[in-house]
Structures are given as structure tokens and as C-alpha cells.
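In: Got a predicted structure plus its sequence, pasted below:
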Amino acid sequence: MTGTLITVAPTGAEVDKASVPALPVTLDELVAAAKECESVGASVVHVHIRDDHARPTLDLARLRDTVAALRESTSLIVQLSTGGAVTDPEDARLAVLEAAPEMASCTMGTVNFGEDVFLNRWEFIVELHTRMQERGVVPEYEIFDLGQLSTLERLLDRHGLPAGGHVHVDLVMGVPGGMPGTAEALVACTTAMRNLPAGTTFSATGIGRATLPVLLASLAAGGHLRVGMEDTVTYAKGQPVESNAQLVARAAAIARLAQRPPLTPTEARALLGVPARP
Ligand code: KMH
Ligand code: ZN
């Protein structure tokens, strides 16, 4: 077993800056957070951006500036979200790829999302997967429920392997409407993943109070980790998260205890099939 890939998801589309002032929403805040997270063990940054009013946006010029700034200031693998917010239309989500990230998320199905619906039709999934293949963008397949792993199996069977040839899955657990953030659900996913290509890797993240159980279960099952304020804004009961780096540092410490120290961005690129930086 190798070391641990730690992805940080610093912002997301759902958390409100007014209620959580530590949330990075400007480009400067995002770059500062990314640098801090890299210094304590992150190797991938999963990026959602906000507009001048701290509302989620998929504005292409801003996305391009964000990719450029993160590449200039960090060695992290830059992974743009194509999930966006639940209100984002499909064409804007597809257009995210035009910002030329090294990686992008690609969700494997529709899921209830609290009071909302996160819509991912089969035809949309195929379009996203195919465009990523054409552009050499390495996907992270986001899985919110067990059946979405069967959708991924069907996608790869019918439309081929992703850019880079390596399949990496991220289990997003504990969304109200998706699979629960439990060790049992994670083990069920690892069983289903046996049908995916040999060498498939996975990371997992638990929303809110599922953060620690999912982190521990993922390490125990040989998986990797995603943490960040997109997924949780509470460090412990009654204790707000101070920064994304605080969450990454905790994940890195637990990974070291598990004898699976954090991968560097260079090692992460080799694992995920993301080309080395020139
Ligand atoms: N914000 C969620 C609706 C992704 O980034 O690809 C979707 C999401 C998944 O966060
Ligand atoms: Zn996201």
C-alpha cells in the first residue's frame, strides 16, 4: 500500500461566507488556503469559485484566472468542479473544461441533495467523460450513492478509459439524499469497485459529522482522503473549523499514524496519471 493522496476541497458551492467567515471565496483567499494546505500534506485541490458577492459561479474568465494562479503559486494538482452548484445548467458545467484544468470532477448520477436535486443525466455524463478524454483532462469520478459505481462501470465499458488511463473515484458520503457516511457503506462501495478496472483507486469524504468515521474507514480500507470546508465546517462538536489547513493537517497526522504518509503532488500525479508539470 502506498501513501495517502489528500485532496482538499476548500470552498464548495453551498457554504455561506456570511455564516462562515473563514471560508476562502476570493482568489487571494483561495490561493493562500491552497498554499497552506500544500505545506501540511495536500496534493490535489478541488476547486469551486465564487463571484464578487461570494456566490458560486462558473464564470470562465474567473476559472481560467484561478487555474493560472493556483498553478503559479502551488504544485498542487488543480481539479475544477464540473458539479458547480445545483442550479448550474449543463452547458456551463461542460464549459468548465475550457479553463484547461489538469483534473475535473465527473459525477456518476443524479442524487437528491438536501432539499435540492443534483442532476446528472446519463447523456450529460457521457458528454463530460468524452470531452475530458478529448482534452486530456483527468477525471475524478464522484460517487454519491452505491448504484453510481455501476454507472461508472457502464460508462467505462461503453466509452473507454479516461485520459491518463487510470480510474480514480471519490466517494462523497453523508449527503442528505445519498449514501450514509458509515464504514458499512464504504465497505459496500469497495466491494462494488472490484468490477472496475484493475488498479482503480478511491478517496472518500464524509459530509459534516461523517467526516471522521469516513476518514478512518477509508484509510483502513486502503483508500485515500478528501477533506475541506466544502464538506465540513465543524472541527469537533461546538468547534468551528478555523481553516482548511487545520483539516488537512489532521488528515495528514492520522494518515501518518496509519503508516500511509501524505503523497507529494509529484507522487500524486504519478498515481493518478496526471502528466508531470513541465
Ligand atoms: N456542489 C454540488 C452540487 C462536484 O464538485 O463535482 C456538486 C459538487 C460535486 O460539489
Ligand atoms: Zn465539489
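Out: Received, thanks. Numbers count the residues shown, from 1 in each chain. Ligands and ions are numbered 1, 2, ... in the order given.
In: tell me which element the closest residue to ligand 1 within the chain falls in.
Out: Residue nearest to ligand 1 within the chain (C-beta to the nearest ligand atom): Gly83, separated by 2.5 Å. In this view, the C-beta of every residue, glycine as well, is placed from N, C-alpha and C. Assigned by DSSP states H and E, Gly83 belongs to no helix or strand.
In: which residues of the chain score low on pLDDT?
Out: Within the chain, the ranges that satisfy pLDDT under 70 run 1.
In: So which bits of it are right by ligand 1?
Out: Selection of the chain residues close to ligand 1 by C-beta under 6 Å from any ligand atom yields 12-14, 81-83, 85-86, 105, 107, 113, 118, 142.
In: Mind doing that once more with 5 Å?
Out: Within reach of ligand 1 by C-beta under 5 Å from any ligand atom, the chain has these residues: 13, 81, 83, 86, 105, 118, 142.
In: give me every residue that touches the nearest residue to Ser43 once chain neighbours are set aside.
Out: Nearest non-adjacent residue to Ser43, counting by C-beta to C-beta, 6 or more residues apart in numbering: Ala268, 3.7 Å away. If a contact means C-beta atoms under 8 Å, 6 or more residues apart in numbering, then Ala268 has 5, 43-44, 77, 274 as its contacts.
In: again, 10 Å this time
Out: 3-7, 42-44, 75-77, 224, 262, 274 (C-beta atoms under 10 Å, 6 or more residues apart in numbering).
In: So it belongs to a helix, correct?
Out: Yes - the assignment for Ala268 is a helix, going by DSSP: H, G, I helix; E, B strand; the rest coil.
In: That one and Gln148, how far apart?
Out: Note on Ala268: its distance to Gln148, by C-beta to C-beta, to the nearest Å, is 24 Å.
In: How about Leu186?
Out: According to C-beta to C-beta, Leu186 and Gln148 sit 14 Å apart.
In: neighbours around the closest residue to Asp51 other than its chain neighbours, how many?
Out: Spatial nearest neighbour of Asp51, excluding adjacent residues (C-beta to C-beta, 6+ apart): Thr57 at 4.3 Å. Applying the criterion other C-beta atoms under 10 Å, we find 19 residues in the vicinity of Thr57.
In: On the strand side of things, show who Thr57 bridges to.
Out: Per DSSP bridges, the residues bridged to Thr57 are Ile49.
In: so who does Leu60 touch?
Out: Shown in contact with Leu60 (C-beta under 10 Å, 6+ apart): 92, 95-96, 98-99.
In: now the residues you listed in JSON lines, with secondary structure and neighbour count?
Out: Converted to JSON lines, these look like this (DSSP: H, G, I helix; E, B strand; the rest coil; neighbours: other C-beta atoms under 10 Å):
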{"residue": "Ala92", "secondary structure": "helix", "neighbour count": "15"}
{"residue": "Ala95", "secondary structure": "helix", "neighbour count": "16"}
{"residue": "Val96", "secondary structure": "helix", "neighbour count": "24"}
{"residue": "Glu98", "secondary structure": "helix", "neighbour count": "12"}
{"residue": "Ala99", "secondary structure": "helix", "neighbour count": "23"}
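In: ok, back up a step: tell me if I'm right that the residue of the chain closest to ligand 1 and Ala104 touch.
Out: Yes - Gly83 lies in contact with Ala104 (C-beta atoms under 10 Å); the separation is 9.5 Å.
In: between these two, which one's more packed in?
Out: More crowded of Gly83 and Ala104, by other C-beta under 10 Å: Ala104, with 26 against 23.
In: Show me what the more buried one is bridged to.
Out: Leu80, Pro139.
In: Ala236 too?
Out: Beta-bridge pairing for Ala236 (DSSP bridges): Gln239.
In: Count the neighbours of it for me.
Out: Other residues within reach of Ala236, judged by other C-beta under 10 Å, total 11.
In: ok, back up a step: quickly list what's touching both of Leu186 and Gln148.
Out: Counting by C-beta under 10 Å, 6+ apart, the shared contacts of Leu186 and Gln148 are 171, 179.
In: And for the residue positioned nearest the centre of the chain, nearest residue in space, chain neighbours not counted?
Out: Central residue of the chain (C-alpha atoms, centre = their mean): His46, 4.9 Å from the mean position. What sits nearest to His46 in space, not counting adjacent residues and going by C-beta to C-beta, 6+ apart, is Ala9, at 4.1 Å.
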